[in-house]
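**Q** sequence below, structure please.
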Amino acid sequence: MSTSNNNKVNPQYTLSSVIMHADRFTVEERTNSSESDSRLADFDITQQVLELLIYENMDRHFLTGEITVTDNDGLFSDIQFQGTERVTVGLSTTDKDSTPMVLNKNFIAYQIKKQVKDKGGKSSYFVISLVDEHGFLGQVTKISKSYNGSLERIVKSICQSELGRQVDISYTGAKTSDDEFSSQQDITCIIPNMTPNQALEWLCKRLTTENGTPYYLFATLNLPSITDGSSNSEIQEDINEGNIIKLANLDFMLQQKPFSNNSYIYNPTSTTRNTENPIQDAFVVREVEYGSSANTLKLLKLGAFSSDYANTNLNTGEITSVKYNLGDQLSNMSKQNIIENENGTSQNVYDGEFILLTKKIEEFDAVKYHSITSTGTYGNLKSYHDETDESKFRMKVSSASIKNLLNKNNITIVIDGSTLMLGQACVGDKLDLVITSDNMSNSDIDSPTGMKDSRHSGEYLIYAVKHHFFGTSHSATCKLVSLESA
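**A** Numbers count the residues shown, from 1 in each chain. Take a look at the predicted model:
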């Protein structure tokens, strides 16, 4: 991810066009054409669009969205909307040389989520749900076949063969297309009559790093560079669809530096503005919302801190038991500089000194897992659930544990969307956040950062983004997660 310090460029993507493609005739066209004259009809609804929302999320390998449209001409009655219309959204800006650039993003409009008549009864407002074409396709086809190889290769193969999309693996730490960093060995795997979307989710649940941290498969906008106009991807499908599918692991994402050298600052009492550096002003946080946090009891009941895992091998009759301990995993991640690699930062999801009935928190096993496998089904090759190294059964628990803990202390912020565009930033990237303390003195009010809140300030991983395009404005609502604090 490139980091930008260009203080002269403050790109603002605006909604420049919305074209709906319908494979049906309008009422007027039917009167002048035969039913056999099938053709594609394009409807420019740009002027009718009130707002556009685009959602990125680390838990989804496709983008979703919504458009709100007003219709006082009966256009949607003429279109005979069926939920299979394609929509091309144009987002435009200029580069550093004031040369126009347009990002064309394709969706399928799959439902009218809401329709409301105005009080006069002369127009209607429509909220239309959008989804990436491969997200639509991945829910309506089925896979019943066998795959051989690593879980990473199988994921890439399904995306390519079933969804027609290639996968960017740079967020796993890969330098070449052959690099793989998952802990699991090659397997023979039968996809049991699942949709591609279900199969990909199922496979990614099994994928972990050597540290037992999870993998994610997600989609992001394919943003062109403001500095030179280059695409984030050279793959033609990514350019055509306006998105990129990425396979990423948490170890790599947590070790990244923030995408920008500028910190996002939340100091609502400050009255100063830096007119000489508009980019720095753009990094002012507009709103902050704290989600439900610090629920250690809930995580204990889920087995996120400590649990037992047992497996019975029906082929050999052997029963294997392993214990998962969060403290050990966080310690290993710290030793490898995945967390706590900056001065003063420490993990903030686990209190190893908490005592209950003379026992530490990791001594309580609220959850005991038990699985049944049968080795030798495919000869020397492993199946989906098998492990030749019995200690790796622990990773089935550790991956789910870290996923739960990652959301323990989440924060949602609203920022200027242009700052993400400038850095070509997306979910899976990191940012630096400074939030002022509740104990701020008057002398701190007009300082750039005020008095820093040590609990909530620091580097965060961007877990989800809602892009909001309204008129000529673009804001981004970001869900941020972290395992540590300053």
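
**Q** next, the buried residues of stretch 161-172.
**A** Of all the residues in stretch 161-172, those buried under the rule 16 or more other Cβ atoms under 10 Å are 162-163, 165-172. For every residue, glycine as well, the C-beta is placed using N, CA and C.

**Q** and it, how far from the chain's centre?
**A** 15 Å (Cα atoms, centre = their mean, to the nearest Å).

**Q** kindly report the same for stretch 346-364.
**A** Taking Cα atoms, centre = their mean, one finds stretch 346-364 lying 31 Å from the centre of the chain it belongs to.

**Q** list the buried residues for that stretch?
**A** Going by neighbour count (16+ other Cβ under 10 Å), the buried part of stretch 346-364 is 347-350, 361-362.

**Q** among those residues, which are in strands?
**A** Residues from the buried residues of stretch 346-364 lying in strands, with DSSP state E as the criterion: Gln347.

**Q** now do the contacts for the residue lying closest to His456 once chain neighbours are set aside.
**A** What sits nearest to His456 in space, not counting adjacent residues and going by Cβ to Cβ, 6 or more residues apart in numbering, is Ile435, at 4.7 Å. Listed by Cβ atoms under 8 Å, 6 or more residues apart in numbering, the contact partners of Ile435 are 266, 285, 288, 452-453, 456-457.

**Q** got it, and Gly291?
**A** Residues in contact with Gly291, defined by Cβ under 8 Å, 6+ apart, are 407, 410-412, 479.

**Q** could you rerun that using 7 Å?
**A** Neighbouring residues of Gly291 by Cβ atoms under 7 Å, 6 or more residues apart in numbering: 410-412.

**Q** looking at these, which is nearest Pro258?
**A** The shortest approach to Pro258 among the contacts of Gly291 belongs to Ile411, at 14.9 Å (Cβ to Cβ).

**Q** can you count the residues close to the closest one?
**A** Neighbouring residues of Ile411 were enumerated by other Cβ atoms under 10 Å; the total is 20.

**Q** so the residue nearest to His456, which of the three states?
**A** strand (DSSP: H, G, I helix; E, B strand; the rest coil).

**Q** and Ile154, by the same measure?
**A** helix.

**Q** hmm, Tyr147 and it touching each other?
**A** Yes - using Cβ atoms under 7 Å, Ile154 makes contact with Tyr147 at a distance of 4.5 Å.

**Q** more neighbours: these two, which one.
**A** Comparing Ile154 with Tyr147 by other Cβ under 10 Å, the one with more neighbours is Ile154, at 23 against 20.

**Q** what's the more buried one in contact with, if anything?
**A** By Cβ under 7 Å, 6+ apart, Ile154 lies in contact with 147, 189, 203.

**Q** can you list contacts of the one helix or strand the first one maps to?
**A** In this case it means Tyr147. In this structure, Tyr147 sits in strand 143-149 according to DSSP states H and E. Here strand 143-149 makes contact (Cβ under 7 Å, 6+ apart) with 154, 157, 162, 186, 188-194, 196, 199.

**Q** what comes up buried for that strand?
**A** Within strand 143-149, the residues scored as buried using 16+ other Cβ under 10 Å are 143, 147.

**Q** in its sheet, what does that strand sit against?
**A** strand 187-194 (antiparallel) (DSSP bridges).

**Q** continuing past the partner strand, what's the next helix or strand?
**A** For strand 187-194, the following helix or strand on the C-terminal side (DSSP H and E) is helix 196-206.

**Q** list the buried residues in that next one.
**A** Of the residues in helix 196-206, those with enough neighbours to count as buried (16+ other Cβ under 10 Å) are 196-201, 203-204, 206.

**Q** would you reformat the residues you listed as TSV and include distance to Asp281 and pLDDT?
**A** Output for the buried residues of helix 196-206, formatted as TSV (distance: Cβ to Cβ, whole Å; pLDDT from 0 to 100):
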residue	distance to Asp281	pLDDT
Pro196	44	97
Asn197	41	97
Gln198	45	97
Ala199	46	96
Leu200	41	97
Glu201	41	96
Leu203	44	95
Cys204	39	95
Arg206	46	93
